[in-house]
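> Pasting a predicted model and its sequence here:
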Amino acid sequence: MTKQIKIHSRDINYTLKTSKKAKKLRLAVYCDGSFVVTKPMGLNDRVVEKYIMEKSNWVLAKIDHFKKFGVDINKNDKQKYLTYKNKTLEFVQERIQHFNSTYQFKYNKINIKNQKTRWGSCSKKRNLNFNYKILFLPKHAADYIIVHELCHLKEFNHSTKFWNLVATLVPNHKEIRKEIRNKGLYF
Ligand SMILES: [Zn+2]
């Protein structure tokens, strides 16, 4: 549920999620500029607002930090996707050119998508698909995802052969995978 709150006379949008698992309130500002509040079941919205206000300086500092990247935090996912699609494509094309000078794999098309649950995929038609949010990941994490999908052009599985292929260009892929997993699809 999208909500709005006034912090120091600024209108700030946030997504309010209710979680059965959450034991306490959680605030998160991600690098794509989205602000997400997760609350335990049955917690009153006014308690949520009070908590956000207590942490208001932290929230604004985070949002302003990401604003420096030119992210408009009040845009919704679809609008952000349309805004950043081309920029992401340019970025991915450049990185693929860079990494593929080693691998020399043949691919068909590169697509930038707005997927909910995936960072990237490689189709049987040899198309490489990437989530536009890859643009907001730390560079090493984005690079790993790009190398991962590139390697699927050779190995359509997650076999030892596949991981060895990934490791030729990203030797510390295990650490990076863990880091990405912790971030979920929001970051
Ligand atoms: Zn894979």
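Received the coordinates, thanks.
> Got the confidence number for Asn74?
As predicted, Asn74 sits at a pLDDT of 64.
> in the helix or strand harbouring Lys39, what's buried?
Taking DSSP states H and E as the criterion, Lys39 maps to strand 35-40. Of all the residues in strand 35-40, those buried under the rule 16 or more other CB atoms under 10 Å are Phe35, Val37, Thr38, Lys39. Where C-beta positions appear, they are placed from N, C-alpha and C, glycine not excepted.
> Redo those as JSON lines? Include distance to Ile146 and pLDDT.
Formatted as JSON lines, these follow (distance: CB to CB, whole Å; pLDDT from 0 to 100):
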{"residue": "Phe35", "distance to Ile146": "28", "pLDDT": "90"}
{"residue": "Val37", "distance to Ile146": "32", "pLDDT": "94"}
{"residue": "Thr38", "distance to Ile146": "30", "pLDDT": "93"}
{"residue": "Lys39", "distance to Ile146": "36", "pLDDT": "94"}
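> Same list (those residues) but as JSON lines, adding distance to Phe91.
Below are those laid out as JSON lines (distance: CB to CB, whole Å):
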{"residue": "Phe35", "distance to Phe91": "24"}
{"residue": "Val37", "distance to Phe91": "30"}
{"residue": "Thr38", "distance to Phe91": "30"}
{"residue": "Lys39", "distance to Phe91": "35"}
